[in-house]
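# this one's sequence-less:
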């Protein structure tokens, strides 16, 4: 009994290759979808940070104004 891999028949090889190609395409599509989600999360995070910073600036200006009055 040998453990050598056997070469599949041409029809099986063709089917396996088609499955591999389909899997690769599905993985590429999933990767692009994940990249889109990541970019959206990063955009949302930057937007929240910008809102926070603008509010902090306004609060600091208001506090500074009330001290000078």
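Received it, and whenever you're ready, just let me know what you need. Just so it is clear, the model here is predicted, and its values are computed rather than measured.
# Show me where the protein has its helices.
For the chain, helices defined by DSSP state H occupy the ranges 10-68.
# give me the low-pLDDT residue ranges for it?
Residue ranges of the chain with pLDDT under 70: 1, 67-69.
# Let's see that with 90 instead.
1-6, 62-69 (pLDDT under 90).
# Spit out the contact partners of the spatially most central residue of it.
Nearest to the centroid of the C-alpha atoms of the chain, with distances taken as C-alpha atoms, centre = their mean, sits residue 35, at 2.8 Å. For residue 35, the contact set (C-beta atoms under 8 Å, 6 or more residues apart in numbering) is empty. Where C-beta positions appear, they are placed from N, C-alpha and C, glycine not excepted.
# For it, give its distance to residue 42.
10 Å (C-beta to C-beta, to the nearest Å).
# ok, now residue 27?
Applying C-beta to C-beta, the value for residue 27 to residue 42 is 22 Å.
# One more: residue 62?
Residue 62 is 30 Å from residue 42, by C-beta to C-beta.
# Check residue 10 too.
Distance from residue 10 to residue 42, by C-beta to C-beta: 48 Å.
# Burial check on residue 57, number of neighbours?
Other residues within reach of residue 57 by the criterion other C-beta atoms under 10 Å amount to 10.
# Ignore what I typed, I meant residue 55.
Residue 55: 10 neighbours (other C-beta under 10 Å).
# again, but for the one 5 residues further on
Each residue near residue 60 was counted by other C-beta under 10 Å, and the total is 10.
# ditto for the one 3 residues further on
One way to gauge burial is a neighbour count; for residue 63, by other C-beta under 10 Å, it gives 10.
# do the same with residue 48
Residue 48 has 10 neighbouring residues, counting by other C-beta under 10 Å.
# Equivalent analysis for residue 47, please.
Applying other C-beta under 10 Å, we find 10 residues neighbouring residue 47.
# separation between it and residue 35?
19 Å.
# distance of residue 16 from residue 26?
Relative to residue 26, and taking C-beta to C-beta, residue 16 is found at 16 Å.
# And residue 39, by the same measure?
21 Å.
# now swap in residue 53 and tell me
Taking C-beta to C-beta, one finds residue 53 at 41 Å from residue 26.
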